[in-house]
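1. Kindly generate the corresponding structure for this input.
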Amino acid sequence: MTSGNRRNLSRDGSVVVRMLATLVFLAATASATLPPVTAQTLSGEKVVLPRDIGDVAVLVAGFTKASRAQTEAWAHRLRDDPRVSPKAALYEVSILDGVPGFLRSMIISQMKSGIAPPRQKRFLIVTESVDSWKRALAASGTDDQAYLVLVQRSGAVVWRGHGVLTESSYQDLVRAIESLKREKP
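-> As a prediction, this is how the structure comes out:
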């Protein structure tokens, strides 16, 4: 076998490996279910997801202060897109893991003062069962990034994403939302 053939075989093999990895990810996402997780809205209501989210929802979650810029970018774009807002409820999720109680109250108070009352019903605060949330969001990377899940009331996870908002990932999410609405009778 010549060195050129080995390079082609190696390149073809890496393409096959990437394709298989993508198929495994898509299969896992398609068969995934959001387990019941609890949170409290910024307006003070206790909610259990996915039961209390409506027919279709996008969860945009952050685990650390460092993830805030990414979660805000995603949430802002989703909130302002007329293709999304009437079709899927947007829930922003702030996970306050390990924050002492006295600081937690201050942080929540600051959040409340910076978020309009109508949005507070869809802004979730998580202070317990963080591991359940990490599993639900498939948060296996760094905590310093945004995690997104498109989920149906049944708990079926339709789409997952994480990280910085890119045009490609955003359009993938919008297509997933639009395909759900086409499937409904």
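2. part of a helix, is Val151?
-> No: going by DSSP: H, G, I helix; E, B strand; the rest coil, the assignment for Val151 is strand, not a helix.
3. Identify the residue nearest it in space, chain neighbours excluded?
-> Nearest residue to Val151, sequence neighbours excluded (C-beta to C-beta, 6 or more residues apart in numbering): Leu34, at 4.8 Å. In this view, the C-beta of every residue, glycine as well, is placed from N, C-alpha and C.
4. State the phi and psi torsions of that neighbour.
-> phi -80, psi 120 (degrees, to the nearest 10).
5. Pretty sure it sits against Arg51.
-> No: Leu34 lies out of contact with Arg51 (C-beta atoms under 8 Å); the separation is 10.1 Å.
6. Name the SS class of the residue nearest the centre of the chain, please.
-> Nearest to the mean C-alpha position of the chain, by C-alpha atoms, centre = their mean, lies Leu148 at 1.2 Å. Taking three-state DSSP as the rule, one finds Leu148 in the strand state.
7. for it, what are its contacts?
-> By C-beta atoms under 8 Å, 6 or more residues apart in numbering, the contact list for Leu148 reads Val58, Leu59, Val60, Ala61, Trp74, Trp159, Arg160, Gly161, His162, Leu173.
8. can you pull up the bridge partners for it?
-> Judged by DSSP bridges, the bridge partners of Leu148 are Val60, Gly161.
9. Can you show me the helices along this structure?
-> Applying DSSP state H to the chain gives helices spanning 3-31, 68-80, 101-114, 117-120, 130-137, 167-183.
10. Please work out the average pLDDT along the first one.
-> Mean pLDDT, taken over the full extent of helix 3-31, equals 45.
11. Likewise for the fifth one?
-> Within the predicted structure, the mean pLDDT of helix 130-137 is 81.
12. cool, and the second one?
-> Confidence for helix 68-80, expressed as mean pLDDT, is 95.
13. which residues does the nearest residue to Val164 once chain neighbours are set aside contact?
-> Leaving aside its sequence neighbours, Val164 sits nearest to Gln70 (C-beta to C-beta, 6+ apart; 5.7 Å). Gln70 makes contact with Gly62, Gln145, Ala146, Gly163, Val164, Leu165, according to C-beta under 8 Å, 6+ apart.
14. What about those residues, which are in strands?
-> Per DSSP state E, strands hold the following members of these: Gly62.
15. any chance of the contacts of Gln70 in TSV, plus pLDDT and distance to Pro117?
-> Below are these laid out as TSV (pLDDT from 0 to 100; distance: C-beta to C-beta, whole Å):
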residue	pLDDT	distance to Pro117
Gly62	91	21
Gln145	93	29
Ala146	95	24
Gly163	94	30
Val164	96	30
Leu165	97	26
